[in-house]
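> sequence unavailable; structure follows:
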């Protein structure tokens, strides 16, 4: 376990962190919450850059239309934040609250859930359902990318050696949008067997945008594009929701492990999608918007 | 490698291996209240406060707590002068083998520090990472609630004296 590790760097700013990462002396990695067992088992790492004490990476802000979440914000702070409201805020809070336990949520970070992407990571599906964007910094220079491109390429390949995830930008949405999150796990603290986030944005009674994002049941977070397409432009009915749930189930490659068989997950997943869509639809139709 | 931290109010400089966990570092430094349970962050027996936030020390690398303030149960109270929570755990019988108690007390202290008047639901939420395999999950909730009462009362009475 980290047998070759010789040193830690403790940068105080993003630019310092990027410098340490890009100085090319031996194999270096970023550490924030440090809960990733894969990171702690790596025997080739020589140095760790600890970004968990960089205050300019730890915040939850809201402007006119977006939430800005610093990459090192603890998921416990997202779970307990009084500033996160409405359909987007509630989805983030619910997903964050379902991660591990209090003790782990105080370590796990908003960006770490994307950088160390595991099948059971709960936040990525929420980011995907909300069409979030990610700000990556390479010292001063920055680029803003859709969260999906970071997930599809995976952070280690997507980011340059001296680049870190700095911020997640989430559209706030308003009345007319409803969201829902659901997780299936053996216990409240266990890894997810199914992690599901749904968003419906309505326009004049019909579905304008539908998002169904899943993880844990699949090897990596994916969206159920065919089911989304089926819903968009239509007025929701019970039958349509059931049809979309079946389509979503057929479209994914279901993973099995010691926790549950493929057949079991398939049965439960269809029901969870149906319920989540129904819940999101109710939330979207709430007078004054989802609170 | 040197590690500078403040543990239970004392500034310490410890010599550590770069790959040492915070759990082994604390135990080697004499803070034996911190227990090794599962070693993978699932049971909470090793919980300590890092800058006021309860975390599992077994999967925290010691190198990442440089410059932070750490509190273990030794920093809460002792048999002669127990913390209100420790007394409440004794009074409520929220202990049997006692192995999970240090972690539970740390998580409970973090809760009361940020929320002096928690509901039973708040307590359950705050202790969700601390497994207890013998005493159970009812008495410790009673203990935290009764400690919250006595902490609030103490504060009120000292305010009254001023």
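Nice, thanks for sending it over. Remember, predicted model here, so these are calculated numbers, not experimental data. Numbers count the residues shown, from 1 in each chain, chains lettered A, B, ... in the order given.
> and for residue B:106, nearest residue in space, chain neighbours not counted?
residue B:47 (4.5 Å; CB to CB, 6 or more residues apart in numbering or on different chains). Every residue, glycine included, has its C-beta placed from N, CA and C.
> now do residue A:53
Spatial nearest neighbour of residue A:53, excluding adjacent residues (CB to CB, 6+ apart): residue A:10 at 6.3 Å.
> and that neighbour, how close does it get to residue A:54?
For residue A:10, the distance to residue A:54 (CB to CB, to the nearest Å) stands at 9 Å.
> so between those two, which is more surrounded?
Using other CB atoms under 10 Å in any protein chain shown as the criterion, residue A:10 and residue A:54 rank with residue A:54 on top: 22 against 18.
> from chain B, how far off is that one?
Going from residue A:54 to chain B by CB to the nearest CB, to the nearest Å gives 12 Å.
> just checking, that residue touches residue A:17?
Yes - the criterion here is CB atoms under 8 Å, and residue A:54 meets it with residue A:17 at 6.4 Å.
> got the residues of chain A near chain B?
Applying CB under 8 Å from any CB of the partner chain, we find that chain A lies next to chain B at A:1-3, A:5-8, A:10, A:31, A:34-35, A:37, A:40, A:48, A:50, A:52-53, A:74, A:76, A:100-104, A:106-107, A:188-189.
> how about residues contacting stretch B:11-22?
Contacts to stretch B:11-22, defined as CB atoms under 8 Å, 6 or more residues apart in numbering or on different chains, come from residues A:1-3, A:5-8, B:1-6, B:25, B:29, B:48, B:50, B:57-63, B:65, B:70.
> from these, keep the buried residues only.
Among the contacts of stretch B:11-22, those buried by neighbour count (16 or more other CB atoms under 10 Å in any protein chain shown) are A:2, A:5, A:8, B:1, B:3, B:5, B:25, B:29, B:48, B:50, B:57-63, B:65, B:70.
> which SS class is the residue minimising distance to the centre of chain B?
Nearest to the mean C-alpha position of chain B, counting by CA atoms, centre = their mean, stands residue B:106 at 1.5 Å. Under DSSP: H, G, I helix; E, B strand; the rest coil, the three-state class of residue B:106 is helix.
> distance of it from residue B:80?
Residue B:106 sits 20 Å away from residue B:80, going by CB to CB.
> count of neighbours near residue 99?
In the absence of a named chain, this looks at chain A. Quick note: residue A:99 (other CB under 10 Å) scores 23 neighbours.
> was after chain B, sorry
That count, for residue B:99 with other CB under 10 Å as the rule, works out to 17.
> list the contacts for it?
Residue B:99 neighbours (CB under 8 Å, 6+ apart): B:35, B:37, B:45.
> one more pass at 10 Å, please.
Counting by CB atoms under 10 Å, 6 or more residues apart in numbering or on different chains, residue B:99 makes contact with B:35, B:36, B:37, B:43, B:45, B:131, B:132, B:133, B:134.
> next: residue A:58.
Going by CB under 10 Å, 6+ apart, residue A:58 touches A:32, A:51, A:52, A:69, A:70, A:71, A:72, A:73, A:74, A:77, A:109, A:110.
> nearest to residue A:135 among the residues you listed?
Relative to residue A:135, the closest of the contacts of residue A:58 is residue A:71; by CB to CB it sits at 8.3 Å.
> you'd agree that closest one is up against residue A:108?
No - in this structure residue A:71 lies outside contact range of residue A:108 using CB atoms under 10 Å: 11.8 Å.
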